[in-house]
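S.K.: Whatever this is, show me its structure:
(one chain, ligands or ions: 2)
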Amino acid sequence: MNCAAILLLTASCLVWSSPLHTPNKAAPKELKYLLDPPVYAEVAGRRGENATLPCILRTKPNHYKVKWTKLEPERVGTENIVMISNERSFKQYGHLGPRASLRRAHGMDASLQLSQLQLDDGGRFRCELVNGIEDESVVVTLSIDGVVFPYQSLTGRYKFTFHEAKEACAEQDGILASYSQLYRAWTEGLDWCNAGWLSDGTVHYPILYPRATCGGELLPGIRSYGPKDKNHDRFDAFCFTSLTSGSVFYISGAFTFSQAGHACGRAVAELAVVGQLYSAWHFQRYDQCDGGWLKDGSVRFPISAPRERCGGIPEPGVRSFGFPNKSHGLYGAYCYR
Ligand SMILES: *[C@@H]1O[C@H](CO)[C@@H](O)[C@H](O)[C@H]1NC(C)=O
Ligand SMILES: *[C@@H]1O[C@H](CO)[C@@H](O)[C@H](O)[C@H]1NC(C)=O
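M.R.: Ligands and ions are numbered 1, 2, ... in the order given. Down below sits the predicted model:
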């Protein structure tokens, strides 16, 4: 089957084109020094937690170093080294370095520990044994557990350049989602009929229930517009967020936007941003059948146990009333503390 031609358009092809399924395809040569696969080929963690990326020696050469690198194919010509160590010492490099250490649970353990995971730590990491003769490496994928949410400007649909989309996600406590995060969100139920930027500068949207108005009656899948002009083309954004350190709560009332902000302030909190509400919905199964103001001026509510009286949509999700007139006192407040 020629997947390249219909790449990203159908579920069956997506499986083959997903970056998660293509590492290490070239020549499966047996390694002498490193355990391969390295216990787990993929490790997951949430923002704020620690993660251990396994790398175990089978045999020790006389002299060697272990080098951990984050593979960032989009940054051509730069090698993002995290740390280099020999048996006695290690040295940290780059922005990940300060949060990196070697586990050294035993004499053959070269596993990398990353503390205080951040949203953009996800990706592929290479553990390389360097002895000057037969260097060997294994690759481990770190995936951050989280939730993808579509985000639209207060001024309407398709208003963000790539750079504005990136800022919009940051303001909502997120980052632009990667393709594999959107793909995973689609398998978990995300169906969204508006195209949005992803972190690699491409534009996509996920469809579970094909319909004529959303790219036609193709099979369910991720619809692709391919790469777009980051400075001139305008779309919505797909943002990604994970666990938060604080929590979200609801104050009931018939508030205007500014009254809602004051209500949160009296509770020693602030209006929540969209990513925080999604995080609570995703990780704590937060369920509240009342529209409430958020910091960006939108009104939303999280539903984990769908029921007829709460929006009537059969799937769980965060529902949106869009951006109502801020002077209408009709909604409660979602606060974050
Ligand atoms: C995470 O790593 C940090 C630094 O290495 C350590 O101080 C902390 O105890 C670890 N936390 C957990 C939950 O393992
Ligand atoms: C919002 O509502 C107020 C009072 O009903 C009205 O005066 C104002 O023009 C509205 N603003 C917008 C942007 O529609």
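S.K.: so Phe283 sits in a helix?
M.R.: Yes: with DSSP: H, G, I helix; E, B strand; the rest coil as the criterion, Phe283 is part of a helix.
S.K.: and Asn194, what does it touch?
M.R.: 150, 152, 157-158, 205, 235-236 (Cβ atoms under 8 Å, 6 or more residues apart in numbering). The way it works is simple: take the backbone N, C-alpha and C, and place the C-beta from them, glycine included.
S.K.: Tabulate these (CSV), appending secondary structure.
M.R.: Listed next are those as CSV, based on three-state DSSP:
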residue, secondary structure
Pro150, strand
Gln152, coil
Arg157, coil
Tyr158, coil
Tyr205, strand
Phe235, strand
Asp236, strand
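S.K.: are any of those residues buried, and which?
M.R.: By neighbour count, with 16 or more other Cβ atoms under 10 Å, the contacts of Asn194 hold 150, 152, 205, 235-236 as buried.
S.K.: how about the nearest residue to the closest residue to ligand 1 within the stretch 151-300 of the chain, chain neighbours excluded?
M.R.: Residue nearest to ligand 1 within the stretch 151-300 of the chain (Cβ to the nearest ligand atom): Leu243, separated by 12.8 Å. Counting by Cβ to Cβ, 6 or more residues apart in numbering, Arg46 is the residue found nearest to Leu243 once chain neighbours are left out, at 4.1 Å.
S.K.: how far away is the one you found from Arg319?
M.R.: 24 Å (Cβ to Cβ, to the nearest Å).
S.K.: just Ser258 next, same as before
M.R.: Ser258 is 23 Å from Arg319, by Cβ to Cβ.
S.K.: repeat for Glu74
M.R.: Applying Cβ to Cβ to Glu74 and Arg319 gives a distance of 34 Å.
S.K.: the more surrounded of these two?
M.R.: Arg319 (15 against 8; other Cβ atoms under 10 Å).
S.K.: List the buried residues of the helix or strand hosting the more buried one.
M.R.: Assessed by DSSP states H and E, Arg319 sits inside strand 317-320. By 16+ other Cβ under 10 Å, the buried positions in strand 317-320 come out as 317-318, 320.
S.K.: Please apply the same query to stretch 65-80.
M.R.: Buried, per 16+ other Cβ under 10 Å, within stretch 65-80: 65-70, 80.
S.K.: Walk me through the domains of the chain.
M.R.: Taking automatic domain parsing as the domain assignment, the ranges for the chain are 42-144, 152-242, 248-336.
S.K.: Tabulate those domains (CSV), appending mean pLDDT and distance to Leu34.
M.R.: Shown next, in CSV, are the domains of the chain (pLDDT from 0 to 100; distance: least, Cβ to Cβ, whole Å):
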stretch, mean pLDDT, distance to Leu34
domain 42-144, 93, 5
domain 152-242, 95, 25
domain 248-336, 96, 35
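S.K.: Any chance of the ones you listed in TSV with distance to Leu31 as columns?
M.R.: Listed next are the domains of the chain as TSV, based on distance: least, Cβ to Cβ, whole Å:
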stretch	distance to Leu31
domain 42-144	5
domain 152-242	26
domain 248-336	38
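S.K.: quick one, what contacts whichever residue of the stretch 51-200 of the chain sits closest to ligand 1?
M.R.: For the stretch 51-200 of the chain, the residue closest to ligand 1 is Ser115, as judged by Cβ to the nearest ligand atom, at 3.5 Å. When contacts are counted by Cβ under 8 Å, 6+ apart, Ser115 touches 50, 99, 101.
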